[in-house]
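Asks: output the structure for:
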Amino acid sequence: MLINPTIDMLRELGLHGMATAFQELEAQSEARGLEHGEWLAILLEREATMRRQKRFEARARAAKLRHDAQIENADFRAARGLDRNLFMNLAGCDWIRKHHSLLITGPAGVGKSWLACALGHKACREDFSVAYHRVPRLFATLALARGDGRYGRILKSLAKTDLLVLDDWGPEKLNDDQRRDLLEIIEDRYERRSTIVTSQVPLDRWWEIIANPTLADAILDRLVHNAYRIDLTGESMRKQRSPIASETLQA
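Replies: Numbering: from 1, shown residues only. Purely as a prediction, here's the structure:
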């Protein structure tokens, strides 16, 4: 059997996982006793695994998560009120499949952004599209986009993302444009996609941030409905960590 031409053809067809697995099996004397069906199953599994990994890497790059956080590294020992059962249930991503949302509140340094990014990372692994935005910068981007024709395109991109992470909302009150922007974003996603919002401001004060009773009711009715909540407490975890370790866990 001509090995190299077969490997070259697999690569030419874009079947790089199968090509690598074929090459490895050929080098293993014990693999020669496998049936043809067993060979094919191994090659197909390697190809599927490689494609899943490539999809994950592409989604993770596109998400631009603030932290390289993974759910396996979540700290449940810290005294901050993080419910292990709830968090691990969220890590299953069923709430994203059902188009629910998640609100994470708590003081600075207790790990709100880290937890949001860990869930975003897991969503990428589950083949969901994810986008991370710090709220102040997103509002600034939308303000510029109004003048250069990108506004509608950005809103459309936000609307179709499976999981949108809106990090660090508040405590400054929103202006008229920001209120409308937020309403557009939440309305487009309501019961269609999932959103994570993190904030140092307690939920009962979010009406004050929106600073318009009518729009506040419209926004928060859609955002809070069917949303999971993680209310963190305690002192900043940065104080408990070394300067190097604390870089991995921020508010």
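
Asks: find the centremost residue of this protein, please.
Replies: When the chain is reduced to its mean C-alpha position, the nearest residue by CA atoms, centre = their mean turns out to be residue 120, at 1.9 Å.

Asks: can you tell me the helix or strand for that residue?
Replies: Assigned by DSSP states H and E, residue 120 belongs to helix 112-125.

Asks: residues near the residue nearest to residue 170 when sequence neighbours are not counted, how many?
Replies: Sequence neighbours aside, residue 201 is the residue nearest to residue 170 in space, at 4.0 Å (criterion: CB to CB, 6 or more residues apart in numbering). (Glycine included, C-beta is placed from N, CA and C.) Here the number of neighbours of residue 201 (other CB atoms under 10 Å) works out to 15.

Asks: just residue 112 next, same as before
Replies: So residue 112, with other CB under 10 Å, has 26 neighbours.

Asks: again with residue 199
Replies: Neighbours of residue 199 under the rule other CB under 10 Å: 22.

Asks: which stretches of the chain form strands?
Replies: With strands called from DSSP state E, the chain shows them at 101-105, 130-134, 163-169, 194-199, 227-231.

Asks: how about residue 231, nearest residue that isn't a chain neighbour?
Replies: Residue 231 sits nearest to residue 105 (CB to CB, 6+ apart), 5.4 Å away.

Asks: quick one: least confident helix or strand in this protein?
Replies: Ranked by mean pLDDT, DSSP states H and E, the weakest helix or strand in the chain is helix 16-26, scoring a mean of 77.

Asks: how far does that one sit from its chain's centre?
Replies: With CA atoms, centre = their mean, to the nearest Å as the basis, helix 16-26 stands 32 Å off its chain's centre.

Asks: same check, this time on stretch 158-168
Replies: 8 Å.

Asks: residues making contact with it?
Replies: Applying CB atoms under 8 Å, 6 or more residues apart in numbering, the contact partners of stretch 158-168 are 65-66, 96, 112-113, 116-117, 119-120, 123, 128-136, 138, 185, 188-189, 192-200, 251.

Asks: can you say which of the residues you listed are buried?
Replies: 65-66, 96, 112-113, 116-117, 119-120, 123, 128-135, 138, 185, 189, 193-200, 251 (16 or more other CB atoms under 10 Å).

Asks: what does stretch 228-235 rub up against?
Replies: Residues contacting stretch 228-235 (CB under 8 Å, 6+ apart): 78-83, 86-87, 90, 95, 100-107, 109-112, 115, 202-203.

Asks: any idea how far apart the tips of that stretch sit?
Replies: 23 Å (CA to CA, to the nearest Å).

Asks: state the mean pLDDT of it.
Replies: Mean per-residue pLDDT for stretch 228-235: 92.

Asks: mind checking how far it is from the chain centre?
Replies: 19 Å.
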